[in-house]
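Peer 1: Structure of the sequence below:
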Amino acid sequence: MLSAYRDMQSQARSILEAEKHGPLQSLTDREMDVREQPMAIYPHAPRRRVREAVRVDA
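Peer 2: Numbering: from 1, shown residues only. Reported below is the predicted structural model:
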């Protein structure tokens, strides 16, 4: 349980550090290919604000 908390803290620090270098960006619907790979939205799920950062080497 403690390791999950430390991972969460590390991710939060990474996001805050990334914000210092410019605005955060998100993929567009076209980039995510939502027509071919639809995303599920669960209406009864608890609503939370989520910030996510993924590092991609492309």
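
Peer 1: other SSEs contacting the strand or helix carrying Ser3?
Peer 2: Ser3 is part of helix 2-20 when elements are defined by DSSP states H and E. Counting contacts by 3 or more CB pairs under 8 Å, 6 or more residues apart in numbering; DSSP states H and E, helix 2-20 packs against no other helix or strand. For glycine as for every other residue, the C-beta is placed from the backbone atoms N, C-alpha and C.

Peer 1: next SSE after it?
Peer 2: Remark: after helix 2-20, the chain's next helix or strand is helix 29-32, criterion DSSP H and E.

Peer 1: Need the residues that contact that next one.
Peer 2: Met39 (CB atoms under 8 Å, 6 or more residues apart in numbering).

Peer 1: Check which residues of the lowest-mean-pLDDT helix or strand in the chain are buried.
Peer 2: When each helix and strand of the chain is scored by mean pLDDT, DSSP states H and E, helix 29-32 comes last, with a mean of 79. Within helix 29-32, no residue counts as buried by 16 or more other CB atoms under 10 Å.

Peer 1: Only C-alpha atoms, please: export that helix in CSV.
Peer 2: Extracted C-alpha coordinates of helix 29-32, given in CSV (Å, rounded to 0.1, in the frame of the first residue of the first chain):
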residue,chain,number,x,y,z
ASP,A,29,-10.1,12.2,-30.6
ARG,A,30,-8.5,11.5,-34.0
GLU,A,31,-5.1,10.7,-32.4
MET,A,32,-6.8,8.4,-29.9
